[in-house]
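Peer 1: how would this look folded up:
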Amino acid sequence: MSLPRPKTENEMPHDAPRMLDALGLTAPSHDVSPMWAAQSVRTTSLLWPLFMLAKLCVLVSVVNVSELVNDRGAHSHIWWLAAAIVADMAVWLLPRHILASKILPHVQTWTIMALVMLSALFTNLWIHDLHAPLLSQYPSPEIAQGALIIMAVCIFGNQRVLGLAYCLGTSFHSFIVPASGNTLVLGVIAMTIAVSMFTQARFDRKRLLANQAEDMKSRRANRLLTEYEESGRGWFWETDRRGAISYISDALARSLGVPCDKLIGLQLTELVVAGNSGTNDKDRTLGFHLSARSAFVDVPVRVAITEDERWWAISGRPIINEYGQFHGFRGSGSDLTEMKRSQAEVARLAQYDSLTSLANRIQMQRTLEQSVSGPHGRVGDCALFLLDLDRFKSVNDTMGHPAGDALLREVSQRLQRVVGDRGMVGRLGGDEFKVVLPGLIDRPKLGVLADAIIASLSQPYIIEGTQVVIGASVGIAICPDHGSTADSLIRNADLALYAAKGDGRGVHRFYSSEMLAEAEDRRQLEDDLRQALKEGTLDLVYQPIVSAKNERITGFETLLRWNHPKRGAISPAVFIPIAEDSGLIAPLGEWVLRTACHAAAQWPQDTRVAVNVSPIQFANPALPGIVMNALAASGIKPEQLELEITESAFLNEGDATDQMFAQLKAIGVRLALDDFGTGYSSLGYLKKAPFDKIKIDQSFVRGAVVPGSRNAAIITSIVSLAEALGMDTTAEGVETHDELALVRSLGCSQIQGFIYGRGVSAEEVEKQFEEQGREAKANGFKSSRPARMSMLRSVAIFHGGDRYVGRIRNISSGGAMIEGLWNVPGETEFSIELADGMTVEAVTRWSVDDRMGVQFTQPIDVRMVQSAAPVKMAS
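Peer 2: Sure thing, here's the model as predicted:
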């Protein structure tokens with residue numbers, strides 16, 4: 001709906017409404033205050049006695065008083081005089097009555113105007129009814145009546161409506177009484193004056209409207225300024241030509257707690273702190289502008305007369321009169337305190353970590369750049385620590401992010417206590433921290449500090465009433481030895497941190513050039529692995545899993561092999577972590593799964609194929625769909641596929657883990673717990689996890705037959721646990737006949753290891769099934785022995801008081817092969833000095849020509865032999 005268009009001035013009625021409006025005889029419009037009409041009525045009441053006195057004087061001059069007193073004729077004129085007096089008294093007294101205040105101003109004006117007109121009419125009728133003897137000869141009645149008109153106009157001045165009313169009353173008399181020349185002239189004069197009075201009234205109204213509009217504009221401006229001051233958003237001030245405050249807002253004085261009159265007369269510059277504008281180049285800005293008499297806008301200044309820190313933004317301009325004379329300044333101000341606090345908080349957040357209040361990545365980068373930039377353009381001395389918390393993720397996942405945040409805050413406090421004022425501690429994000437140590441490049445001192453940090457952070461924490469233990473790994477780079485720029489130091493410290501994690505965590509490592517070479521080599525291996533996966537040059541081999549009861553093959557474990565075109569065979573222990581870190585494990589794992597299922601489709605239907613699943617694959621919600629697609633594409637039964645999962649895959653127990661297990665079991669595949677006992681074994685989880693098999697890690701099998709080893713007891717416990725839970729057991733890494741006999745006697749269900757063969761290709765597996773069926777034959781050493789290492793070192797051999805010289809060819813913790821003595825009888829006992837100050841007792845077990853095998857009576861640490869100084873031979 002459209003709003004009606006307002007009428008323009010030319011479209012509005014002109015005559016009566018505008019005439020009445022000009023005289024205040026209509027209800028006032030929104031832009032005209034009704035007070036001017038009410039003021040006219042009150043002024044009329046006040047001035048009317050004066051007009052009555054003037055009228056009396058004029059009438060006395062016209063009337064022959066002695067004749068009037070002695071007149072015995074008709075007294076009709078007395079009634080006109082009485083009516084005139086009543087009208088005059090009403091004009092004088094009516095506005096003073098209390099009821100008048102309840103009548104609208106324009107209604108009051110109409111009433112008074114009518115009474116004034118009646119007063120003029122009755123006065124003129126009284127004069128007209130007087131006969132000649134009662135009138136003086138001079139002046140004539142017409143002159144007296146005209147004089148009254150002129151006095152009415154003069155006495156009431158701007159009160160045009162009164163003069164107009166009196167003129168109209170006189171004019172009506174001229175038209176009522178019998179016409180005469182003087183009467184007509186008087187009427188014309190009265191009408192002329194009335195028209196003039198009306199015209200003046202119109203101009204008066206226009207002037208009144210302009211004055212009222214200006215007054216309303218001024219009042220509105222004052223009201224807005226007052227509300228602006230009271231709201232606290234700003235205030236106003238003014239100074240004289242000497243700079244003394246001549247006006248200041250009451251609201252500002254109240255906020256300062258100082259009476260306003262105490263501020264008047266002070267210099268404006270006394271309210272602010274000199275030389276503290278909060279800007280780089282504006283310390284004298286306020287004083288400069290005041291002395292230069294130039295305008296200024298939003299000059300930030302700090303308040304001097306308050307105890308707390310407060311800031312203002314002051315604007316002002318000089319006051320110049322029309323003659324160009326300077327009279328002072330006038331301006332405004334606003335409170336900048338909250339904005340300054342917000343800016344300070346933003347600046348703090350831009351440089352500090354919001355969680356720990358440590359320096360953030362940006363500030364640490366700036367500090368490191370300043371540390372490596374020494375004086376005179378030279379490289380500065382400094383050290384950089386990069387820290388990573390060990391096992392923090394498990395705390396965050398099991399206890400929740402609030403607990404993780406609380407732990408990070410405690411870690412930051414310990415870091416600051418250990419480092420102290422030797423450097424700056426910062427948090428890069430997550431559980432990564434950085435320490436910059438300017439001027440400290442002494443490696444032993446840095447090592448001691450790093451160990452102190454690790455020891456402090458490894459102490460138990462109490463988080464939400466629970467004891468939490470984590471660790472830390474530290475990588476160290478020194479400037480300028482390990483880099484002369486911030487970026488190179490960060491890269492090298494990160495490489496050192498990676499090496500510390502690779503060395504078992506909880507240690508520190510200094511950067512070395514070999515680390516960079518290893519990183520480059522790792523990056524190159526990643527590229528080569530990506531290319532090998534793309535070109536299909538990776539291979540799968542299958543190692544048999546044999547039943548311990550009847551030595552029949554029950555299945556094969558799929559093993560991934562990579563024969564690099566330049567480097568040759570690369571161990572999965574090398575390239576699998578690279579695949580996990582680079583994101584290649586997902587496509588690589590899917591390829592392995594599909595290829596293994598396709599190979600198993602060519603085997604007997606009850607032969608299983610086992611495929612390893614990495615923790616990253618297990619965490620992928622798409623894994624069940626990938627397994628179903630592989631089974632469908634190959635056509636094998638779900639129970640033929642066995643997925644081997646390590647304990648780290650479900651370290652963080654949760655709904656997602658339970659859901660993944662449920663989905664895989666719903667498909668029908670078998671699940672095997674791989675490398676049991678080597679990770680974070682959770683017996684509580686075993687009771688609800690749907691595993692079909694537990695695989696005993698080969699670290700428990702090796703050495704199990706050595707007297708005094710506890711491995712056999714551990715294997716027995718695992719087998720008993722699996723049987724109680726209805727699970728099979730597979731012993732991995734069985735290589736010798738004595739190990740085979742042991743794991744059989746301990747009750748293992750299945751056996752896997754070199755004793756039954758290494759991994760072979762799918763084609764060779766098919767050929768084996770064709771030639772010998774599913775029968776497996778053990779083939780290996782009779783007994784196991786400690787791992788031997790090659791060594792070429794001269795030793796001293798003592799027997800029967802004689803000293804001989806021999807050379808070690810290889811050595812283990814239990815014995816060695818020595819050459820240099822011919823045809824030594826078996827069971828001969830020797831004392832052998834392996835290194836300077838290191839002598840062991842040994843017995844000969846075999847001898848061929850100049851070589852013999854000896855067994856140490858007590859095991860030795862081969863590493864000590866390597867690091868010790870060789871035996872000093874006589875010259």
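Peer 1: number of nearby residues for Gly502?
Peer 2: 14 (other CB atoms under 10 Å). The C-beta positions use only the backbone N, C-alpha and C, and glycine is treated the same way.
Peer 1: For Asp581, see how far away it is.
Peer 2: Taking CB to CB, to the nearest Å as the criterion, Gly502 is separated from Asp581 by 12 Å.
Peer 1: what's the answer for Thr595, then?
Peer 2: Thr595 is 23 Å from Asp581, by CB to CB.
Peer 1: do Ser790 as well
Peer 2: Taking CB to CB, one finds Ser790 at 33 Å from Asp581.
Peer 1: Between the two, which has more neighbouring residues?
Peer 2: Asp581 (12 against 9).
Peer 1: Quickly find the element holding Phe51.
Peer 2: Per DSSP states H and E: Phe51 is located in helix 35-62.
Peer 1: isn't Ala601 right next to Lys637, touching?
Peer 2: No. In this structure Ala601 lies outside contact range of Lys637 using CB atoms under 8 Å: 10.0 Å.
Peer 1: Can you name the residues that contact the nearest residue to Gln640 once chain neighbours are set aside?
Peer 2: Leaving aside its sequence neighbours, Gln640 sits nearest to Arg608 (CB to CB, 6 or more residues apart in numbering; 5.3 Å). Arg608 makes contact with Ile545, Thr554, Gly555, Phe556, Ala600, Glu639, Gln640, Leu641, Glu642, Arg670, according to CB atoms under 8 Å, 6 or more residues apart in numbering.
Peer 1: Tell me the one of those residues nearest Met117?
Peer 2: Leu641 (119.6 Å; CB to CB).
Peer 1: if you skip the residues just before and after it, what's nearest to that closest one?
Peer 2: Val669 (4.6 Å).
Peer 1: Specify the local secondary structure of Val435.
Peer 2: strand (DSSP: H, G, I helix; E, B strand; the rest coil).
Peer 1: Does it touch Leu387 like I think?
Peer 2: Yes. Taking CB under 8 Å as the definition, Val435 is a contact partner of Leu387 at 7.1 Å.
Peer 1: Now do the shared contacts for the two.
Peer 2: Leu415, Ile453.
Peer 1: pLDDT averaged over stretch 333-352 - what is it?
Peer 2: For stretch 333-352, the mean per-residue pLDDT is 77.
Peer 1: no wait, stretch 464-480
Peer 2: 92.
Peer 1: One more: stretch 168-180?
Peer 2: 66.
Peer 1: Equivalent analysis for stretch 356-372, please.
Peer 2: Mean predicted lDDT for stretch 356-372 stands at 90.
Peer 1: With stretch 103-110 instead?
Peer 2: pLDDT averaged over stretch 103-110 gives 74.
Peer 1: swap in stretch 825-838?
Peer 2: 88.
Peer 1: Figure out how far the helix holding Phe51 is from the centre of its chain.
Peer 2: Its chain's average C-alpha position is 79 Å from that of helix 35-62, according to CA atoms, centre = their mean, to the nearest Å.
Peer 1: Show me what it is packed against.
Peer 2: helix 76-93, helix 105-129, helix 141-156, helix 160-176 (3 or more CB pairs under 8 Å, 6 or more residues apart in numbering; DSSP states H and E).
Peer 1: For Ala632, find the nearest of these.
Peer 2: Here helix 105-129 is closest among these (CB to CB), at 98.6 Å.
Peer 1: Just the helices from the stretch 751-875 of the chain, written as ranges.
Peer 2: Assigned by DSSP state H, counting those that start in this stretch, the helices in the stretch 751-875 of the chain fall at 762-772, 862-867.
Peer 1: okay, the ones you listed in JSON lines with mean pLDDT and mean neighbour count next?
Peer 2: What follows is these, written out as JSON lines (pLDDT from 0 to 100; neighbours: other CB atoms under 10 Å):
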{"stretch": "helix 762-772", "mean pLDDT": "91", "mean neighbour count": "14"}
{"stretch": "helix 862-867", "mean pLDDT": "82", "mean neighbour count": "14"}
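Peer 1: a markdown table please, covering the ones you listed and showing distance to Ala816.
Peer 2: Listed next are the helices of the stretch 751-875 of the chain as a markdown table, based on distance: least, CB to CB, whole Å:
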| stretch | distance to Ala816 |
| --- | --- |
| helix 762-772 | 38 |
| helix 862-867 | 9 |
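Peer 1: quick revisit: can you go through the contacts of Arg608 and name the buried ones?
Peer 2: For the contacts of Arg608, a burial check counting by 16 or more other CB atoms under 10 Å picks out Ile545, Thr554, Gly555, Phe556, Ala600, Gln640, Leu641, Glu642, Arg670.
Peer 1: Sort out for me which of these are in strands.
Peer 2: Taking DSSP state E, the ones among those that sit in strands are Ile545, Thr554, Gly555, Phe556, Leu641, Glu642, Arg670.
Peer 1: who's the last one bridged to?
Peer 2: By that I understand Arg670. Glu642 (DSSP bridges).
Peer 1: Can you verify my assumption that it contacts Asp692?
Peer 2: Yes. Assessed by CB under 8 Å, Arg670 is found in contact with Asp692 at 4.4 Å.
Peer 1: anything in contact with each of those two?
Peer 2: Common neighbours of Arg670 and Asp692 (CB under 8 Å, 6+ apart) are Glu642.
Peer 1: one step back: distance to Ala350 and pLDDT added to the contacts of Arg608, as a markdown table?
Peer 2: Listed next are the contacts of Arg608 as a markdown table, based on distance: CB to CB, whole Å; pLDDT from 0 to 100:
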| residue | distance to Ala350 | pLDDT |
| --- | --- | --- |
| Ile545 | 60 | 96 |
| Thr554 | 64 | 94 |
| Gly555 | 60 | 95 |
| Phe556 | 59 | 96 |
| Ala600 | 59 | 95 |
| Glu639 | 60 | 94 |
| Gln640 | 60 | 95 |
| Leu641 | 55 | 96 |
| Glu642 | 55 | 96 |
| Arg670 | 56 | 95 |
